[in-house]
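> structure for the following, please:
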Amino acid sequence: MKDEKSKERIAIFIDGSNLYHSLKNLNVNEINFDKLVKKLKGDRQIVSIFYYNAPLDIKYDQKKYWEQQKFFDKLRKLPFFKVVLCKMRKIRKDVKIVGYEVKGDDVHLAVDLLSGAYENLYDVAIIVSGDEDFVPVLKRVQKLGKKVENAYFTSSSSNALKNSSNTSVCINHFIKEII
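This is a model prediction of the structure:
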């Protein structure tokens, strides 16, 4: 067995909005992030975990806002976790309907992924997302000699992202283990 220093170093990049909507699609309200990380890391060494999302609009729903803030605080207390908060943009769909969209999360994830590869902070990057917008940055990271794994849900997976990754794993296959 390898000692801790010779293990592959992994960094996990979680697209929070993609994760939230994928779980919602499965009628899952909450997962155990420790169990998710253990499942994804295997016997490798975690060096960092990034979680990207945006705070909800407190004016729209104070209760949901504070629930989300508690969730972010809980994540910040987990080992290796860094919560990266982006912007929530209000979109008026018509006179009575307002929607919201997370802005900047993909760019932050791509910058952290790429800079971590250039700075040799990890050997393997695990992208928890189904967003094919990450394909160009994955290809660049691989040119730098890093491996990329994609952890995805069937409801939000992109074949282009899976096919551009060195390996991929469907979270649906072990969702019951991480609830």
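
> report the secondary structure state of residue 48.
Three-state assignment for residue 48 (DSSP: H, G, I helix; E, B strand; the rest coil): strand.

> who does the closest residue to it other than its chain neighbours bridge with?
Spatial nearest neighbour of residue 48, chain neighbours left out: residue 11 (4.7 Å); criterion: CB to CB, 6 or more residues apart in numbering. (Each C-beta comes from the backbone N, C-alpha and C, glycine too.) Residue 11 forms beta bridges with residue 48, residue 125, as assigned by DSSP bridges.

> quick one: contacts for residue 11?
Residues near residue 11 by CB atoms under 8 Å, 6 or more residues apart in numbering: 46-50, 113, 116, 121-122, 124-126.

> what ranges do the helices span in this structure?
Remark: helices assigned in the chain by DSSP state H are 16-25, 33-41, 62-76, 105-118, 135-143, 159-164, 175-178.

> Serialize those to a markdown table and add fields for distance to residue 149.
Formatted as a markdown table, the helices of the chain follow (distance: least, CB to CB, whole Å):
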| stretch | distance to residue 149 |
| --- | --- |
| helix 16-25 | 15 |
| helix 33-41 | 8 |
| helix 62-76 | 21 |
| helix 105-118 | 12 |
| helix 135-143 | 10 |
| helix 159-164 | 10 |
| helix 175-178 | 16 |
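
> any chance of the ones you listed in JSON lines, plus mean neighbour count and mean pLDDT?
Below are those laid out as JSON lines (neighbours: other CB atoms under 10 Å; pLDDT from 0 to 100):
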{"stretch": "helix 16-25", "mean neighbour count": "18", "mean pLDDT": "91"}
{"stretch": "helix 33-41", "mean neighbour count": "17", "mean pLDDT": "95"}
{"stretch": "helix 62-76", "mean neighbour count": "13", "mean pLDDT": "94"}
{"stretch": "helix 105-118", "mean neighbour count": "18", "mean pLDDT": "95"}
{"stretch": "helix 135-143", "mean neighbour count": "16", "mean pLDDT": "97"}
{"stretch": "helix 159-164", "mean neighbour count": "16", "mean pLDDT": "94"}
{"stretch": "helix 175-178", "mean neighbour count": "14", "mean pLDDT": "91"}
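
> for residue 96, find the nearest of those helices.
Nearest of the helices of the chain to residue 96, taken as CB to CB: helix 62-76 at 19.6 Å.

> from the chain's centre, how far out does that closest one sit?
Helix 62-76 sits 17 Å away from the centroid of its parent chain (CA atoms, centre = their mean, to the nearest Å).

> now swap in stretch 11-21 and tell me
In terms of CA atoms, centre = their mean, the centre of stretch 11-21 is set 3 Å apart from its chain centre.

> ends of it, how far apart?
End-to-end distance for stretch 11-21: 22 Å, by CA to CA, to the nearest Å.

> before we move on, what about stretch 126-135?
Distance across stretch 126-135, first residue to last, is 13 Å (CA to CA).
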